[in-house]
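K.L.:
quick one, fold the following:
(chains A, B and C)
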Amino acid sequence: MPEGHTIHRAALDQRKMLAGKVLTVTSPQGRFSAGAEELSGQTCTAIEAYGKHLLYHFQLGSALHIHLGLYGQFRTAKAPPSEPRGAVRVRLLSDTHVVDINGPNTCEILDQAGLNALTNRIGPDVLREDADPEKAWAKIKASRVSIGQLLMDQSVIAGIGNIYRTEILWRQKLHPKLPGKSLDRTSFNRIWADAVALLQLGVKHNSIITVEKMAKSKSRYRERVNIFAKETCPACRSEIRKFEMAARRVFSCNTCQVPPEI
DNA sequence: TTGATTGTTACCGG
DNA sequence: TCCGGTAACAATCA
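P.N.:
Residues are numbered from 1 along each chain as shown, chains lettered A, B, ... in the order given. Just a heads-up that it's a prediction; the model follows:
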């Protein structure tokens, strides 16, 4: 479900529902082993997205750390809470709203040391003001790994997922198999700027949109991306190639994105 | 019921 | 040390 835009959007939405309020933290189905009660009754002081990670900070200094993985999702509703839907690991309840966290990959309580460890292992997040692109560039220009893989490596650059990597590389006319070290600085700058723009648009609309102009009547999902899971390149009508990269599917147009010579 | 999936980590071997 | 490959895990939806 989530690429980085989903988590940043969730942070925006949930701030209004939970931040600055005393929360009741429960695990209605007993699926949270690390002691949600520890946080219950504390004020949630801040909600912060970091790449695909979401942090709920609490007044005594620890934080609830959530990573949704491939399948997890947030379900939000107005109070009073109703019966949990699906597998709810944690339920956060304020005076006005309920946030259920279903099926997250990670669901744990972090102290300050844990928070530091987390932020140190994540690369610059394209959606954060404090992101330093130089850190990403330093790793990319030194790596013989393909740019398609590097864009998915959250320790290199945070927030981009499988759909955005395909779409960004197509938009920038770069083949996914190009080695990181073969990119020039201009290409990297374009990738970074495009990632920022596309993910910001994703936050705004709460969905992935990578086409330049989208007719209102064509707002169905398949019409919002250029080549992801498509058959034909919208620019040159060539056949879209599909292949695997680190066990994830990638798409490219070998006309618009010239493959590297082997 | 089956299969696919917008993700990550651990571990192994070259 | 780097990097590719594999398995494991998660829950939902079409």
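K.L.:
check which helix or strand residue A:47 maps to.
P.N.:
Using DSSP states H and E, residue A:47 maps to strand A:44-50.
K.L.:
the closest residue to residue A:45 other than its chain neighbours: what secondary structure?
P.N.:
Computed as CB to CB, 6 or more residues apart in numbering, the closest residue to residue A:45 that is not its neighbour in sequence is residue A:57, at 4.9 Å. The C-beta positions use only the backbone N, C-alpha and C, and glycine is treated the same way. Judged by DSSP: H, G, I helix; E, B strand; the rest coil, the three-state class of residue A:57 is strand.
K.L.:
contacts only, for residue A:57.
P.N.:
By CB atoms under 8 Å, 6 or more residues apart in numbering, the contact list for residue A:57 reads A:44-48, A:63.
K.L.:
so which bits of chain A are right by DNA strand C?
P.N.:
Within chain A, the residues that sit near DNA strand C (CB under 7 Å from any atom of the strand) are A:31, A:69-73, A:85-87, A:89, A:102-103, A:105, A:143-146, A:149, A:246-247.
K.L.:
return the members of those classed as buried.
P.N.:
Burial by neighbour count, 16 or more other CB atoms under 10 Å: within the residues of chain A next to DNA strand C this picks out A:31, A:72, A:89, A:102-103, A:143, A:145-146, A:149.
K.L.:
in space, what's closest to residue A:250 - neighbours in sequence excluded?
P.N.:
residue A:176 (5.0 Å).
K.L.:
ok, now how distant is that neighbour from residue A:162?
P.N.:
Distance, residue A:176 to residue A:162, using CB to CB, to the nearest Å: 11 Å.
K.L.:
for the residue of the stretch 101-250 of chain A at minimum distance from DNA strand C, list the residues it contacts.
P.N.:
Per CB to the nearest atom of the strand, residue A:103 is where the stretch 101-250 of chain A lies closest to DNA strand C, at 2.0 Å. Listed by CB under 8 Å, 6+ apart, the contact partners of residue A:103 are A:68-69, A:71-73, A:86-87, A:89.
K.L.:
please report the distance of residue A:260 from residue A:178.
P.N.:
5 Å.
K.L.:
looking at these two, which is more packed in?
P.N.:
Per other CB atoms under 10 Å, whichever of residue A:260 and residue A:178 has more neighbours is residue A:178, with 19 against 13.
K.L.:
quick one: that one from DNA strand B, how far?
P.N.:
For residue A:178, the distance to DNA strand B equals 20 Å [CB to the nearest atom of the strand, to the nearest Å].
K.L.:
thought residue A:122 was touching residue A:154?
P.N.:
Yes: applying CB atoms under 8 Å as the test, residue A:122 and residue A:154 come out as touching, 5.9 Å apart.
K.L.:
what is in contact with these two at once?
P.N.:
Common neighbours of residue A:122 and residue A:154 (CB under 8 Å, 6+ apart) are residue A:51.
K.L.:
list the buried residues for the top helix by length along chain A?
P.N.:
Assignment by DSSP state H gives helix A:185-205 as the longest helix of chain A. For helix A:185-205, burial by neighbour count (16+ other CB under 10 Å) applies to A:187-188, A:190-192, A:194-196, A:198-199, A:202-203.
K.L.:
by contact count, what packs against it?
P.N.:
Identification of packing neighbours for helix A:185-205 by 3 or more CB pairs under 8 Å, 6 or more residues apart in numbering; DSSP states H and E yields helix A:4-18, helix A:133-141, helix A:162-171.
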